[in-house]
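*Asks:* what shape does this take:
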Amino acid sequence: MNEAQKTNGCIRREAGTGFSFANMMLLLACLLSGGMVSLALPHLITGSGVMVAVKSVLLATSGVIVSYAVNRFAVERGAPLTDKGYRLAGVVSVLSIATVGLGLFSATYAGLVFKDVEQLSIEAHGEALSGFVSDRSAAAAQSAGVVPAMKTIVSDLADKHACELSASCISGRGSGGNGPVARVLSEKLGKAEALAQQVERGEALRRQQIERIAALHGEYQKTASDDLPMEDKRQALRGIDLNIRQALADLDTAIPVALLAAYAEELKGGAEIEGRLDAARKVTGILRQHGQAITDIVRKLPEQGAPAPAFPKQTGVSDTFAHMGHFLPIVLITAAVELVLPISLWIYTLIALRWASYRQAPPVPRRPHPEDEALRQLLWGSGETTDRNQALPHGDHRLEGRGHQRSLPPTYGHRPRGRR
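*Replies:* Residues are numbered from 1 along each chain as shown. Coordinates of the predicted model:
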């Protein structure tokens, strides 16, 4: 109670200390962090309705309280103890700030970009699928030459079979008839006609599947760009992706490649006609020519390649960190709030305490080592300043403590400046 209060007869409570700037910055940073966490957590928590809001508010509030308490303890308690020489206090302070900051940073950053990362993964899969479909369709288009090749073989065998029936063009015996040569040609012609029909149906199916794949891919791109809930979008895109895979499988099996290869080997095996060696050689030459033509076509057909790219799995928190370069501004802002600011306040507080301690009691320079002092005296001799310092009692560094001026060796031939 001062004299004015005694005179007036009233007692007033003295004003308390104000909120420091460091504490104000810590509180504001924690509140901003809590706001960002509350916006980010609904994207990381499964479910819907009131429970998601309750969980988000509870976790955000807990994070704010813990962050403010840890950061304030580190600044108000850890920094002064570190300045006094307790290194463990500094280590614990930095680790506690970093641990809490990294936890809040991971939740904030992951939640803020979670939906965007899912969209990026879906779009990336669409681009990969587009390239895969284009390559597979271009490869399947190479099988278009099978149909005219089979038609040519059927036409040639039909002509020779008809000629053999009418005039024995190949056997050279008689004036036609359904002999052994005609029967062999009829058998090979029947298989060629049946295989040609399968090839034509396969070609029609191939064109149909290519058109279907193109339509499905366009539907995938349209659905991926629609503004739909992510769960509904993923479900729709997964169905489209499954239909594309089924269409690609049908495209691979549209042309009966295995049957073509087997028929080509059969033709290259030739024919045996009992008692007709010359006719057998002629028929074998014709069949082997057609068999080699089918083999050359089959070799040009594309083999079944690698499977289509897998549909992206459900996005997780770790997946968001793989896109940190894409969301670099968000990374820097969240890191500045969660990590840079509290650590910077702790460092600046420690620097201010160290400077105050230095001004109050500057550190005493170390005494030179006896061997170094002996070596200096041996090289430069004993100077006046050295004699004066040695004359001081042990522990008295008044001359050395002024502005950290150490004793300088005398200069030969000249007197030191400032001395008389």
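
*Asks:* which strand or helix spans residue 91?
*Replies:* helix 87-140 (DSSP states H and E).

*Asks:* next SSE downstream of that helix?
*Replies:* Sequence order places helix 146-167 as the next helix or strand after helix 87-140, per DSSP H and E.

*Asks:* and the helix holding residue 91, how far from the chain's centre?
*Replies:* Relative to the chain's own centre, helix 87-140 is displaced by 7 Å; criterion: Cα atoms, centre = their mean, to the nearest Å.

*Asks:* where does the protein have low pLDDT?
*Replies:* 1-19, 47, 172-174, 176, 275, 302-306, 381-420 (pLDDT under 70).

*Asks:* go ahead and flag the most central residue of it.
*Replies:* What sits nearest the mean C-alpha location of the chain, by Cα atoms, centre = their mean, is residue 322, with 3.7 Å.

*Asks:* the strand or helix carrying residue 284 packs against which elements?
*Replies:* Per DSSP H and E, residue 284 falls inside helix 277-300. The contact analysis (3 or more Cβ pairs under 8 Å, 6 or more residues apart in numbering; DSSP states H and E) places helix 277-300 against helix 146-167, helix 180-225, helix 257-268. From N, CA and C alone the C-beta is placed, and that goes for glycine too.

*Asks:* in that helix, what counts as buried?
*Replies:* Of all the residues in helix 277-300, those buried under the rule 16 or more other Cβ atoms under 10 Å are 279-280, 282-284, 286-288, 290-291, 293-295, 297-298.

*Asks:* now the angle between helix 146-167 and that helix, please.
*Replies:* With axes from the mean of the first three to the mean of the last three Cα atoms, to 10 degrees defining the directions, helix 277-300 sits at 170 degrees from helix 146-167.

*Asks:* who's in contact with helix 277-300?
*Replies:* Residues outside helix 277-300 that contact it (Cβ atoms under 8 Å, 6 or more residues apart in numbering): 142, 145-146, 149-150, 152-153, 156-157, 160, 170-173, 180-181, 184-185, 188, 192, 257, 260-261, 263-273.

*Asks:* at 6 Å what do you get?
*Replies:* Helix 277-300 is contacted by residues 146, 149, 153, 170-171, 181, 184, 260-261, 264, 267-268, 270-273 when judged by Cβ atoms under 6 Å, 6 or more residues apart in numbering.

*Asks:* same deal with stretch 258-276?
*Replies:* If you take Cβ under 6 Å, 6+ apart as the criterion, stretch 258-276 is touched by 180, 184, 195, 279-280, 283-284, 287-288, 290-291, 294-295, 298.

*Asks:* same question, stretch 346-357
*Replies:* Residues outside stretch 346-357 that contact it (Cβ under 6 Å, 6+ apart): 74, 75, 79, 82, 83.

*Asks:* what's the closest of the residues you listed to residue 126?
*Replies:* Nearest to residue 126, judged by Cβ to Cβ, of the contacts of stretch 346-357 is residue 74 at 47.4 Å.

*Asks:* for that closest one, which three-state class applies?
*Replies:* What DSSP: H, G, I helix; E, B strand; the rest coil gives for residue 74 is helix.

*Asks:* burial count for the residue nearest to it when sequence neighbours are not counted?
*Replies:* Closest residue to residue 74 apart from its sequence neighbours, by Cβ to Cβ, 6 or more residues apart in numbering: residue 93 at 3.8 Å. Residue 93 sits with 25 neighbouring residues when counted by other Cβ atoms under 10 Å.

*Asks:* next, residue 311: phi, psi?
*Replies:* Torsion angles at residue 311 (phi, psi; degrees, to the nearest 10) stand at phi -70, psi 140.

*Asks:* grab the nearest non-local neighbour of it.
*Replies:* Leaving aside its chain neighbours, residue 311 sits nearest to residue 241 (4.9 Å; criterion: Cβ to Cβ, 6+ apart).

*Asks:* how about the helices in the stretch 251-400 of the chain?
*Replies:* 257-268, 277-300, 317-321, 328-335, 341-360, 370-380, 384-391 (DSSP state H, counting those that start in this stretch).

*Asks:* closest one to residue 58 among those?
*Replies:* Of the helices of the stretch 251-400 of the chain, nearest to residue 58 by Cβ to Cβ is helix 317-321, at 18.9 Å.

*Asks:* mind checking how far the residue nearest to the centre of the chain is from residue 244?
*Replies:* Note on residue 322: its distance to residue 244, by Cβ to Cβ, to the nearest Å, is 26 Å.

*Asks:* count of residues packed around residue 214?
*Replies:* Neighbour tally, residue 214, other Cβ under 10 Å: 14.

*Asks:* can you check residue 56 too?
*Replies:* Applying other Cβ under 10 Å, we find 20 residues neighbouring residue 56.

*Asks:* same deal with residue 259?
*Replies:* Counted with other Cβ under 10 Å, residue 259 comes out at 15.

*Asks:* picking that back up, between the contacts of stretch 346-357, which is closest to residue 218?
*Replies:* Top of the list for closeness to residue 218, among the contacts of stretch 346-357 and by Cβ to Cβ, is residue 74 at 56.9 Å.

*Asks:* who's in contact with the closest one?
*Replies:* Going by Cβ under 6 Å, 6+ apart, residue 74 touches 93, 96, 97, 346.

*Asks:* go through those and say which is closest to residue 360.
*Replies:* So of the contacts of residue 74, ranked by how close each gets to residue 360 (Cβ to Cβ), first place is residue 346, at 21.4 Å.

*Asks:* I'd like to know how far the closest one sits from residue 210.
*Replies:* In terms of Cβ to Cβ, residue 346 sits 65 Å off from residue 210.

*Asks:* same check, this time on residue 284
*Replies:* Counting by Cβ to Cβ, the gap from residue 284 to residue 210 is 39 Å.

*Asks:* repeat that for residue 331.
*Replies:* Residue 331 sits 44 Å away from residue 210, going by Cβ to Cβ.

*Asks:* then residue 312?
*Replies:* Shown here: residue 312 relative to residue 210, a distance of 25 Å by Cβ to Cβ.

*Asks:* just residue 195 next, same as before
*Replies:* Distance, residue 195 to residue 210, using Cβ to Cβ: 22 Å.

*Asks:* between the strand or helix carrying the residue nearest to residue 311 and helix 87-140, how many degrees?
*Replies:* Here residue 241, judged by DSSP H and E, is contained in helix 230-252. Calculated by the same axes, to 10 degrees, helix 230-252 forms an angle of 40 degrees with helix 87-140.

*Asks:* and helix 230-252, which residues are buried?
*Replies:* For helix 230-252, a neighbour-count test (16+ other Cβ under 10 Å) marks 233-234, 236-237, 240-241, 243-245, 247-248, 251-252 as buried.
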